[in-house]
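S.K.: Sequence first, then the predicted structure:
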Amino acid sequence: MRTLVAAFARLCLALFGWRAAGARPAQSHYVLIAAPHTSNWDFPLMLLCAMALGLWPAWVGKHTLFRPPFGALMRALGGIPVDRSAASGMVEQLAARFAALPALALVMPPEGTRGHAPHWKSGFYHVACAAGVPIALGYLDYARKEGGIGTLMQPGGDLRADMDVIRAFYAGIRGRHPEQQGPVRLPAEDRPAPPG
């Protein structure tokens, strides 16, 4: 079945002049960055590229999206409901998902918006650290009409050094609306480094 879905996804991508690159990670658990995010086309293209690589990723949505009548559809499409008002925060809820499931590839678009933002949201990094899983660098490059998964990196706790690796990977990758791409930078990087 997976081979059939991958072939169908590759055909759809080809019809749009796109191709999937890279390979499905061998690891069973990881956070998958989806960047850059500048267009409504990003979600269907990301999903097609992931399926072409033999992957059906999960994604996070506000818990209210999962109520009837569309809740079952949202879950079938890989949605994971998160209640932001719950006592345990989103990071803890998602880290617990990694512990509870035999395999999980969790897509998180760190820009959080299609418009220009001064920083990426740091949730992807904190979830990966809390769950002890690597970060897969997924991308859509509209200049080359190519989407896929690059390298995997294990966050080492040195935020600036880890973000330097991520910045180097995304340098030169262009979204559909490059003028809306913000810098690959987390808010914590603008704070003074702790002494010592």
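M.R.: Thanks, I have the structure now. Numbers count the residues shown, from 1 in each chain.
S.K.: elements contacting the top helix by length along the chain?
M.R.: Taking DSSP state H as the criterion, the chain has its longest helix at helix 2-15. Applying 3 or more Cβ pairs under 8 Å, 6 or more residues apart in numbering; DSSP states H and E, we find helix 2-15 packed against strand 19-22, helix 42-52. C-beta: built from backbone N, CA, C; applies to glycine.
S.K.: mind checking how far the first one is from the chain centre?
M.R.: It refers to strand 19-22. Offset of strand 19-22 from its chain centre (Cα atoms, centre = their mean, to the nearest Å): 16 Å.
S.K.: Could you list the alpha-carbon positions for the helix or strand immediately after that strand in the chain in CSV?
M.R.: Per DSSP states H and E, the first helix or strand lying C-terminal to strand 19-22 is strand 29-35. This file holds the C-alpha atoms of strand 29-35, laid out as CSV (Å, rounded to 0.1, in the frame of the first residue of the first chain):
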residue,chain,number,x,y,z
HIS,A,29,10.7,9.0,16.1
TYR,A,30,11.6,12.6,15.1
VAL,A,31,10.3,16.1,14.8
LEU,A,32,10.1,17.2,11.2
ILE,A,33,10.6,20.9,10.5
ALA,A,34,8.5,22.2,7.6
ALA,A,35,10.1,25.3,6.2
